[in-house]
Every structure is written in structure tokens, then in C-alpha cells.
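[1] Sequence below, structure please.
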Amino acid sequence: MAPSTRTGGSHAPAAGQALTMIIRPPGFNGPGSGPRAGAPLVPGNEPRDRGDPARDQVPSPVTLSAFLEHWLADIVRLSVRPKTFVSYRSVVRLHLAPALGDIPLTELRPGDVQAYLNRKAATRLAPRTVAYHRNILRQALGHAERTELVGRNVAKLALPPRIPRREVRPLTPEQARTFLAAIAGERLRALYVVALGVGLRQGEILGLRWSDVDLVGGTIRVRQALQRVEGVFTFVEPKSVTSRRLLPLPAIVREALLAHRERRSAEGAARAGISAEFADLVFTTTVGTPIDGISVTRRFQRILRAAGLPHQRFHDLRHACASLLLAQGVPARVVMETLGHSQISLTLNTYCHVIPALGREAAERMDEVLTRGS
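    Below you'll find the predicted structure:
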């Protein structure tokens, strides 16, 4: 279906320009409201019969593009982390708005969305990325539906592409030991040991403060993460409620952090004048500034190549931590809490490759119990 060319709609503001108007069609006072007091009952402004699907649409001349800008500014910016907001805004302005933005919000159809997804898939955009575009539009139209600007969420009716399951291939126990030997002389050795030993996300590690680390009691508390958004470092809330967690430290992690603290003390003179906001960070550059995650990942991958280990994302150290714990018989619930997963199903589905080996071990243990002494 070709985009509508009918006039009367608002247009998206230029990049960087905020949309300050509140989008409401004539006679619309908000969710669940009818016409304004005294508003004439003109066609399209009369109270709607909620039992009639054909009339379950709030009349509105606003374009999808203008609505999306309103949604970004007034809803998304206040409800997600800064990096997520920038990502959503980029998808809206570079993809959704140019392709669908001129269509009036109330005239957007499932076929428009499906055609958009099909075109994106035809450009060889990764299926996961195409599904991400649909998810953003689905969230935006969900807000429009809740506020009765549209009668249904047409993005829900468009079929997302099939996303191939990415097989998790973390370091094996032998490879993990090889990796630890390879980072023996690294300035940020403790950073990699924390990732492998307790499974913190990269942002959680880079946002870790000494006040969150108890080297005497042997614990580490995850309170925040560090993100770099449009060139500016900022602390953000952890990914979810369960991401806030207190973790016991394996001895190898505690010893690595002790050695790192001694190294940091020797670098103290070079850190004069650093902002108090970042002065307590565990991991910084040699001059005390926050570390960019991209540089950490690049260094990590150079270490892997030099050690003859397979290519990995930095996040795969977190996967290695979970796989190693499960392989040692640590209960899935404990692994879930260590990683800060919100549901145990996420843990089990992500690391299902470890489960068959656990099943064999369970069978052997049952044999041992039932045949002991026979």
C-alpha cells in the first residue's frame, strides 16, 4: 500500500527540534474522554460507540512522523536509559519516519507495516534488526492505542522476520585458563577477571565504584552502569530490578581487585583534577577518566587473537561465567541471581547447551545412590 498523500497532517520537526504540542484530535480531552464541553457534534466528533469496531477510531489528522516525535520526547525519553533513547530516535528518524512518516496516524494499516518490514529484509538488514524496528513501532502504536488515538495496534498484526537462534559458544574451561594466562601482564587484568569470574555486564563493570567493593568481606554490589551517550559518560540504572545485586567474590576475583587497587594507588599522581563523579571508579584510564567500552572490547579481542583463542564478544565472558557455573553443578536459580536475570527461563534458554551434560551427570549420580553397597 502506497503511503497516503492526503493533506491536513502535521509534519515531523527537524532533527534536534523538540515537538512541544500535545497531539489531540478535535474534541479529544484524553484517554476515555468524549467531546469537549460545548463542542459541536459534527461528523467524527460525536461520542463513539465502543461496540462498533468500524467506528473505534479517534479522528486525528496527525501524521505518524509527528506522533513518533511526540512519543520519543514525552514518553521514551522519560522511561528508558539514555543509550536506548538514542537508539530508538535513530531508528525513527533514519528509517520509520522516511518510509512511513507521511501516512496519517489513523490511516496506517498492517499492510503498510508489513511492506516496510519486507523492504528492510530485502536490503539484507539482519532479521534481528528488522524485528527491532517493528518492536519500536509496536511500542509507539501501543501508546497511541492506550491513549485512544488509534483503535488498534497495526504493528502487532505485521509478522516479524524469523530470527535464527544464535548459538552461544563461550570459552571452555581450558580456554578460560589460557585466557587468564594471556592477561597476566595486562593493566586491566582485574576487569577481565571480574567479567569471567562473576559475570557482570560490561557497563556494570565500567560503572563499578570502590564503595561498591568489599575486599574484606569478599563481596561486590551492583548499583549502576556506565554508558557513553553521544560522547558523554553518564551513570544509569542497572538494566532491570534484578540487576541490582550483591555477589560473593571468588578468591581469584578478590585477589585481582586487590592487585588492581595497588596499581591504581601508584598511578594516583596522574589523576589529579579528575571530576569527583568519576573519582571512585574502579576501572579508569591511566589519567583517571572513565573507560570507553569499545576500547575495552578491541583490546579483549586482540588478546584473544594473540593467545590463539576463538573470536568472542566481550559479552561472551558473561556467557562463559554462566556456562562454567552450570557445568560445575551450580543450581540454575543461583546462576540466574548471579547474572541478574529477571526470569529463570532466560537463564535456562540461553544456556541450554550445558543442560545435556548436567542430565548425564544427574543420571550417574542416581546410579551411584541406588547401587551403592550392592
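[2] Give me the pLDDT value at R6.
    Per-residue confidence at R6 stands at 42 (pLDDT).
[3] go on, Q328?
    Residue-level confidence at Q328 comes out at 83, pLDDT.
[4] Quickly note the distance from it to C321.
    In this view, Q328 and C321 are 11 Å apart by Cβ to Cβ, to the nearest Å. Placement of C-beta: from N, CA and C, glycine included.
[5] Between those two, which is the more surrounded one?
    For Q328 and C321, the more surrounded residue by other Cβ atoms under 10 Å is C321, and the numbers stand at 23 against 9.
[6] Show the subsequent helix or strand relative to the longest helix along the chain.
    Looking across the chain with DSSP state H, the single longest helix is helix 127-146. Next in sequence after helix 127-146, counting helices and strands by DSSP states H and E, comes helix 154-157.
[7] what helices or strands is that next one leaning on?
    The contact analysis (3 or more Cβ pairs under 8 Å, 6 or more residues apart in numbering; DSSP states H and E) places helix 154-157 against helix 110-122, helix 127-146.
[8] Quick one: these as TSV, columns for distance to V241 too.
    Putting the helices and strands packed on helix 154-157 into TSV (distance: least, Cβ to Cβ, whole Å) gives the following:
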stretch	distance to V241
helix 110-122	32
helix 127-146	20
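[9] Can you say which of these is nearest to D102?
    Each of the helices and strands packed on helix 154-157 was scored for nearness to D102 using Cβ to Cβ, and the closest is helix 110-122 (10.9 Å).
[10] tilt between the closest one and helix 127-146?
    160 degrees (axes from the mean of the first three to the mean of the last three Cα atoms, to 10 degrees).
[11] now helix 110-122, how far from the centre of its chain.
    Here the centre of mass of C-alpha atoms in helix 110-122, compared against the chain's by Cα atoms, centre = their mean, to the nearest Å, lies 24 Å away.
[12] and if you look at stretch 69-78?
    For stretch 69-78, the distance to the chain centre is 18 Å (Cα atoms, centre = their mean).
[13] What residues of it count as buried?
    Applying a neighbour-count criterion of 16 or more other Cβ atoms under 10 Å, the buried positions in stretch 69-78 are E69, H70, W71, L72, A73, D74, V76.
[14] The longest helix of the chain: which residues count as buried?
    When neighbours are counted by 16+ other Cβ under 10 Å, the buried residues of helix 127-146 are found to be 127, 130-134, 136-141, 143-145.
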